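K.L.:
Pasting a predicted model and its sequence here:
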Amino acid sequence: MSLTTKEFYAQLENLPEVATYVKGIMSELGCAQAMISSIDIAVEEVYVNIASYAYDENASSKPVWVSCGASDGDFVLEFKDEGVQYDPLQGEDPETEDPMKMTIGGYGIFMVKTIADEVTYKYDQEKKQNILTIKKKMEHE
């Protein structure tokens, strides 16, 4: 699997640059516009969570690595950070059927899981990195 990687600082104001980077790779791969738009939502949800919560302090000088590319007919998007160890997939999916039972939180990662065909998390003990990987079957125009 060959992914292109770019490092960003964990700052909310870098979101447009992160989104442009991912959309650029997807365009080069010939991904359909609808797929690019849906992955853009996932990029926003994951990156904003990392920039907002991964690091206890001085997040603006902390790295987030965003990697993406094609592998075996899938578009692969990977986020790595050196923040607090946290598996966003561990929680229950939020209530979506009954508005009276809906609570605050958990909808971002739920949207990511809905958009993607596969979402995995692992923690690299050696490098002390959270790694969230999103895969979606390639869709072309």
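P.N.:
Okay, I see it.
K.L.:
can you pull the contacts of residue 81?
P.N.:
Contacts for residue 81 (Cβ atoms under 8 Å, 6 or more residues apart in numbering) come out as 10, 50, 54, 55, 62, 63, 64, 65, 129, 130. For every residue, glycine as well, the C-beta is placed using N, CA and C.
K.L.:
Recalculate using a threshold of 6 Å.
P.N.:
Contacts here follow Cβ atoms under 6 Å, 6 or more residues apart in numbering; on that basis residue 81 touches 50, 54, 64, 130.
K.L.:
Tell me which helix or strand the residue sitting nearest the centre point of the chain sits in.
P.N.:
The centroid of the chain falls nearest to residue 46 when counting by Cα atoms, centre = their mean (4.0 Å). For residue 46, the host element (DSSP states H and E) is helix 33-49.
K.L.:
Then residue 136?
P.N.:
Using DSSP H and E, residue 136 falls in strand 129-137.
K.L.:
Next, the angle from that strand to helix 33-49.
P.N.:
In terms of direction (axes from the mean of the first three to the mean of the last three Cα atoms, to 10 degrees), strand 129-137 departs from helix 33-49 by 170 degrees.
K.L.:
so what does strand 129-137 touch, helix or strand wise?
P.N.:
Where contact means 3 or more Cβ pairs under 6 Å, 6 or more residues apart in numbering; DSSP states H and E, strand 129-137 is packed against strand 74-81, strand 118-124.
K.L.:
contacting residues around that strand?
P.N.:
Contacts of strand 129-137 (Cβ under 6 Å, 6+ apart): 42, 74-82, 116-123.
K.L.:
Stretch 32-50 now?
P.N.:
10, 15, 18-19, 22-23, 26, 64, 79, 81, 108, 111-112, 115, 134, 139-141.
K.L.:
again, 7 Å this time
P.N.:
Here stretch 32-50 makes contact (Cβ atoms under 7 Å, 6 or more residues apart in numbering) with 10, 12, 15, 18-19, 22-23, 26-27, 64, 75, 77, 79, 81, 83, 88, 108-109, 111-112, 115-116, 132, 134, 136, 139-141.
K.L.:
Alright, calling it a day.
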